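Participant: Sequence plus predicted model, see below.
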Amino acid sequence: MRKNYSTGARWESIVGYSRAVKIGNIIEVSGTVSVKDGEAYAMGDPYSQTKRILEIVEDALNHFGASHEDVIRTRTFVTNIKDWARVAKAHEEVYGQIRPATSLLEVSALITPAYLVEIEVSAVIP
């Protein structure tokens with residue numbers, strides 16, 4: 001059975017996607033950027049953006065009764081690969097003991113220039 005989770009973010013209706021989708025014991029969390037109260041959060045700070053993104057991801061996982069411990073893969077996109085160490089530090093603070101498979105890729109741009117980082121997550125729950 002498919003279950004969709006939406007947060008009501010404006011991009012969800014414009015693009016036609018859900019923040020997260022659960023089918024069986026698999027949860028996929030859509031690409032997530034750093035937003036707070038509908039606005040870009042921590043502009044210019046890739047570490048803080050990553051921390052905020054992982055909070056949003058955690059909320060989506062919690063909606064389905066999961067947590068970061070259930071994450072098996074993360075995909076991180078950055079607009080400047082030179083930010084990798086700051087992004088990796090925030091990622092390690094959450095996933096250092098969990099150690100999911102991961103990718104960190106540079107992209108030419110995200111949906112708006114204020115966003116420096118976007119993260120997708122896959123999780124499996126028992």
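Facilitator: Arrived safely, thanks for sending. Numbering: from 1, shown residues only.
Participant: alpha carbons only for contacts and neighbour counts from here, please
Facilitator: OK.
Participant: Sketch out the low-pLDDT regions of the protein for me.
Facilitator: For the chain, no stretch has pLDDT under 70.
Participant: Grab the nearest non-local neighbour of I26.
Facilitator: The shortest distance from I26 to any residue other than its chain neighbours is 4.6 Å, reached at V124 (C-alpha to C-alpha, 6 or more residues apart in numbering).
Participant: ok, the one you found - contacts?
Facilitator: By C-alpha atoms under 8 Å, 6 or more residues apart in numbering, the contact set of V124 is N25, I26, I27, D70, V71, I72.
Participant: from those, which would you call buried?
Facilitator: I26, I27, D70, V71, I72 (16 or more other C-alpha atoms under 10 Å).
Participant: Do I have it right that the third one meets A123?
Facilitator: What that stands for is D70. Yes: using C-alpha atoms under 8 Å, D70 is in contact with A123, at 5.2 Å.
Participant: So what touches the lengthiest helix in the chain?
Facilitator: Taking DSSP state H as the criterion, the chain has its longest helix at helix 46-63. Contact partners of helix 46-63, identified using C-alpha under 8 Å, 6+ apart, comprise 5, 19-20, 27, 29, 32-35, 41-43, 67-68, 83, 86-87, 89-91, 94, 115-119, 121.
Participant: Mind checking what helix or strand follows it in sequence?
Facilitator: Later in the chain than helix 46-63, the nearest helix or strand by DSSP states H and E is strand 71-78.
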